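> Sequence first, then the predicted structure:
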Amino acid sequence: MTPYPDSHGRFGPYGGRYVPETLMFALRQLTEHFEQAQGDPEFGKHFEYYLRHYVGRPSPLYLAERLTKEAGGARIYLKREDLNHTGAHKINNCIGQALLTRRMGKPRVIAETGAGQHGVATATAAALFGLQCQVYMGEEDVRRQKLNVFKMKALGAEVVTVTSGSRTLRDAINEALRDWMASVEHTHYIIGSVMGPHPFPAMVRDFQSVIGKETREQCQNEVGRLPDVIVACVGGGSNAAGMFHPFIGDASVELIGVEAGGRGLATGDHAATLSQGKPGVLHGMYTYVLQDDEGQTAPVHSVSAGLDYPGVGPEHSYWKDSGRVKYVNVADSDALEGFRQCSKLEGILPALETAHAVVMAMRVATKRSHDDMVVVCFSGRGDKDCFEVARLQGEEI
Amino acid sequence: MNPIDRVFRQLREQRRKAFMPFVTAGDPDLETTIRLVRDIANRGASLIEIGFPFTDPIADGSVIQASYTRALAGGVRMDDVFAAFRKLSAPGELGDVSLISMISFSLVHHRGPERFILEAKEAGFSGAIVPDLPIEEAADLVKQASSHDFKLIQLVTPTTPRDRARQIAHLSTGFLYCVSVVGITGTRTELPPELLDQLRWLRTQTDLPLCVGFGISKPEHMRMLRDHVDGVIVGSALVRHLETIANLGSDAAVAAIGMQVKELAHALNSA
């Protein structure tokens, strides 16, 4: 495996810990517990047990015949994270961190959430392991994602509406960090993506790497070879990191990360952090960030709430600079078309985040021969987006 | 000699303590900020901390974040802040009072550490507190600061282990900022024992002035702290007060905050 991050949590120049001194003790404690857990076969066994019997892993690697035919080139395979319990890859990380919370003897977890997927996954894991749970969610998102708010409450979590700053995911993270500073002795903060201060980017990647490890095994056992291309969407970047990481050493496998092109890069209304941003500091990490000319965090936009983030996990910044992963973007309108196409051709409603990756996979497949194999990290299902898609189509449901 | 060193030397000679109010630049607007700073410099403040508005200040409490949001919504830019303070810091305007910037590392990094330090000095700032830059990440800024005689004030908290607190104290310049995370709430009648323990221990480890901040709001707190510290920082209490009276207009706001500062500073240094 790659030697990254180093002992300071650096992926090349990226990562690190840009946090108040108040959090340094907790981060060191968390790093120690995580390293111990990684070396403990019992912890690994528990993690695998819950992934298999509770989450429903391994998730299938499915040949999407009609999408393949439509693209008219390489074969397109879907790694079906949408079939996990709670409908997305987020639960993999939450099970891992909830087990770690239990191991640390802390009775309470907190989380941030944008669209609500990570919040629901955290509330689910908290219910499973009997932990108190509070989820920070921006006021704007609470209004837009009523179904997920209801689900979190039903699962026993308390949803805290965040009214500060931008009233979205960014400020939900700020508030969760603030809570953690005051509650660190009895609370663990389950960050939902490969972001934040060390050890979170590495830890979340490792819990999500089950996606890439399974895909690798399935490719070898079921197809007899490694794929030519793997495509995943990138907001904070956790499904992509989990998918890519086990393939980083395989030079023959092309890796493509898809960011949100929003209304087009020229309009400024997008969340294409890696192609339009610059290295800076946000939420405790040094990474590519979308900022204005003075270094203030820029407002971002995507039709998909899960990609709507002005930063990105530091390991992606490292992969970008090294050229190992290529980062591209797909516009809102194309992603919506991908949502419709995938639903009609495969009978699978993709999350709008996932739809970005599906569109890019089809573009790549078109240019390749039928012998080639393109894998899409099918990160989540689209049920949560039905209201938004209907609204954009002018329908009421 | 750096003005911060000079302030603390004078205070020590006079057996007085430093009162250090915090003001957010541009809340409710830069003109009021400048008037406020000029006013409180004459009401018992020894140093004044100026908060530079940032969109995502994870190291600040929610009251201060809200003031940053208001300032940014009002269109305040860092260039404007520097320009306004350049005018204010004309010789004699602030007497012996030193200015310290409180700024997120994101903004420092974006400007470039050296350029930030040079512009800050030119605008009359003698040092900075960068609360989201722990010592592990601070090497470059520490080097730049020291070569420009600009103070870089580090923070210790009650959760900081002693070996680490020693390293932090060693690296800090100007003074050492002791965060009382547990919070000294309004109803508290005595100081948290762990804070007193830490202050006593730190005193044996460093000659730097020890200043305590976080959750300090009332004259009683000043009286409880004064025998144990070299200075006290009051932030949120002033920012919150200003928020509630900002709609009364600049004159009334400056008068009210000036009064609050005078009362707190008096409690810190009266017999």
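All right, it came through fine. Just so it is clear, the model here is predicted, and its values are computed rather than measured.

> Going by C-alpha atoms from here, please, whenever you check contacts or count neighbours.
Will do.

> Next, the contact list for residue 72, please.
Let's take chain A. Contacts here follow C-alpha atoms under 8 Å, 6 or more residues apart in numbering or on different chains; on that basis residue A:72 touches A:365-366, A:370.

> Wait, chain B was what I had in mind.
Residue B:72 makes contact with B:26, B:53-55, according to C-alpha under 8 Å, 6+ apart.

> Chain B contacts on the stretch 101-250 of chain A?
Selection of the stretch 101-250 of chain A residues close to chain B by C-alpha under 8 Å from any C-alpha of the partner chain yields A:164-165, A:170-171, A:174-175, A:177-178, A:182.

> which of the residues you listed lies closest to residue A:80?
residue A:170 (28.3 Å; C-alpha to C-alpha).

> so where does the closest one fall, helix or strand?
Under the assignment given by DSSP states H and E, the secondary-structure element containing residue A:170 is helix A:169-183.

> Buried residues, stretch A:366-376. List them.
Counting neighbours by 16 or more other C-alpha atoms under 10 Å in any protein chain shown, one finds that the buried residues in stretch A:366-376 are A:366, A:368, A:370, A:373-376.

> So which of these sit within helices?
Per DSSP state H, helices hold the following members of the buried residues of stretch A:366-376: residue A:366.

> farthest pair in the buried residues of stretch A:366-376?
The most distant members of those, if one measures by C-alpha to C-alpha, are A:370 and A:376, lying 15.9 Å apart.

> re earlier: contacts for the helix holding residue A:170, please.
A:22-23, A:110-114, A:136-138, A:141, A:162, A:164-165, A:187-189, A:283, A:309, B:56-59, B:61, B:181-182.

> now, which of these lie within strands?
For the contacts of helix A:169-183, the ones inside strands are A:110-113, A:136-138, A:162, A:187-189, with DSSP state E as the criterion.

> nearest to chain B, of these?
Distance to chain B across the ones in strands among the contacts of helix A:169-183 (C-alpha to the nearest C-alpha) is lowest for residue A:162, with 10.7 Å.

> starting at the chain centroid, how far to whichever strand or helix holds residue B:267?
Element membership of residue B:267, judged by DSSP H and E, is helix B:250-269. Taking C-alpha atoms, centre = their mean, to the nearest Å, one finds helix B:250-269 lying 16 Å from the centre of the chain it belongs to.

> what do you get for stretch A:249-268?
Taking C-alpha atoms, centre = their mean, one finds the center of stretch A:249-268 at 14 Å from the center of the full chain.

> so where do the strands sit in chain B?
Assigned by DSSP E, the strands in chain B fall at B:18-24, B:47-51, B:98-102, B:125-129, B:151-156, B:176-179, B:210-213, B:231-234.

> possible to save those strands as a markdown table with mean pLDDT?
Below are these laid out as a markdown table (pLDDT from 0 to 100):
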| stretch | mean pLDDT |
| --- | --- |
| strand B:18-24 | 98 |
| strand B:47-51 | 98 |
| strand B:98-102 | 97 |
| strand B:125-129 | 98 |
| strand B:151-156 | 97 |
| strand B:176-179 | 95 |
| strand B:210-213 | 96 |
| strand B:231-234 | 96 |
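
> TSV please, covering the ones you listed and showing mean neighbour count and distance to chain A.
Conversion of the strands of chain B to TSV gives the following (neighbours: other C-alpha atoms under 10 Å in any protein chain shown; distance: least, C-alpha to the nearest C-alpha, whole Å):
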stretch	mean neighbour count	distance to chain A
strand B:18-24	26	16
strand B:47-51	25	14
strand B:98-102	24	13
strand B:125-129	24	11
strand B:151-156	25	7
strand B:176-179	24	8
strand B:210-213	22	13
strand B:231-234	25	17
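
> Now distance to residue A:28 too, for the ones you listed, in a markdown table please.
Compiled in a markdown table, the strands of chain B are given as follows (distance: least, C-alpha to C-alpha, whole Å):
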| stretch | distance to residue A:28 |
| --- | --- |
| strand B:18-24 | 31 |
| strand B:47-51 | 29 |
| strand B:98-102 | 25 |
| strand B:125-129 | 23 |
| strand B:151-156 | 16 |
| strand B:176-179 | 19 |
| strand B:210-213 | 24 |
| strand B:231-234 | 28 |
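
> burial count for the closest residue to chain A within chain B?
Using C-alpha to the nearest C-alpha, residue B:132 is the residue of chain B that sits closest to chain A, at 4.4 Å. Residue B:132 sits with 27 neighbouring residues when counted by other C-alpha atoms under 10 Å in any protein chain shown.

> do you know how far it is from residue A:283?
Distance of residue B:132 to residue A:283, given as C-alpha to C-alpha, to the nearest Å: 10 Å.

> residues shared between the contacts of the two?
Contact criterion C-alpha under 8 Å, 6+ apart; residues shared by residue B:132 and residue A:283: A:18-19, B:58.

> Which of those has the largest number of neighbours?
Using other C-alpha under 10 Å as the neighbour definition, the shared contacts of residue B:132 and residue A:283 reach their maximum at residue A:18, which records 30 neighbours.

> thought that residue was touching residue A:198?
No. When contacts are counted by C-alpha atoms under 8 Å, residue A:18 is not listed as touching residue A:198 (9.1 Å).

> hey, what's in contact with both of the two?
By C-alpha under 8 Å, 6+ apart, residue A:18 and residue A:198 have these common neighbours: residue A:285.

> Tell me, how many residues neighbour residue A:224?
Using other C-alpha under 10 Å, residue A:224 has 10 other residues around it.

> With residue A:76 instead?
Residue A:76 is flanked by 29 other residues according to other C-alpha under 10 Å.

> That one falls within a strand, correct?
Yes. For residue A:76, which was evaluated using DSSP: H, G, I helix; E, B strand; the rest coil, the result is membership in a strand.

> Run through the residues that contact it.
The contact partners of residue A:76, by C-alpha under 8 Å, 6+ apart, come to A:63-65, A:67-68, A:361-362, A:365, A:373-376.

> In strands, which of those fall?
Judged by DSSP E, strands contain the following of those: A:63, A:373-376.

> Show me the residue at the heart of chain B, geometrically.
The central residue of chain B, meaning the one whose C-alpha is nearest the mean C-alpha position (C-alpha atoms, centre = their mean), is residue B:49 at 3.4 Å.

> same for the longest strand belonging to chain A, what does it pack against?
With secondary structure taken from DSSP E, chain A has its longest strand at strand A:254-262. Secondary structure elements in contact with strand A:254-262, counted by 3 or more C-alpha pairs under 8 Å, 6 or more residues apart in numbering or on different chains; DSSP states H and E, are strand A:229-233, strand A:325-331, helix A:332-346, helix A:352-366.

> Okay, helices next: where are they in the stretch 101-250 of chain A?
For the stretch 101-250 of chain A, the helices defined by DSSP state H, counting those that start in this stretch occupy A:117-129, A:139-144, A:146-154, A:169-183, A:200-208, A:210-218, A:238-244.

> Sorry, slip of the keys, the one I care about is chain B.
Using DSSP H, the helices assigned to chain B run over residues B:3-13, B:30-40, B:62-73, B:78-88, B:105-111, B:113-122, B:139-147, B:162-171, B:193-205, B:219-225, B:236-245, B:250-269.
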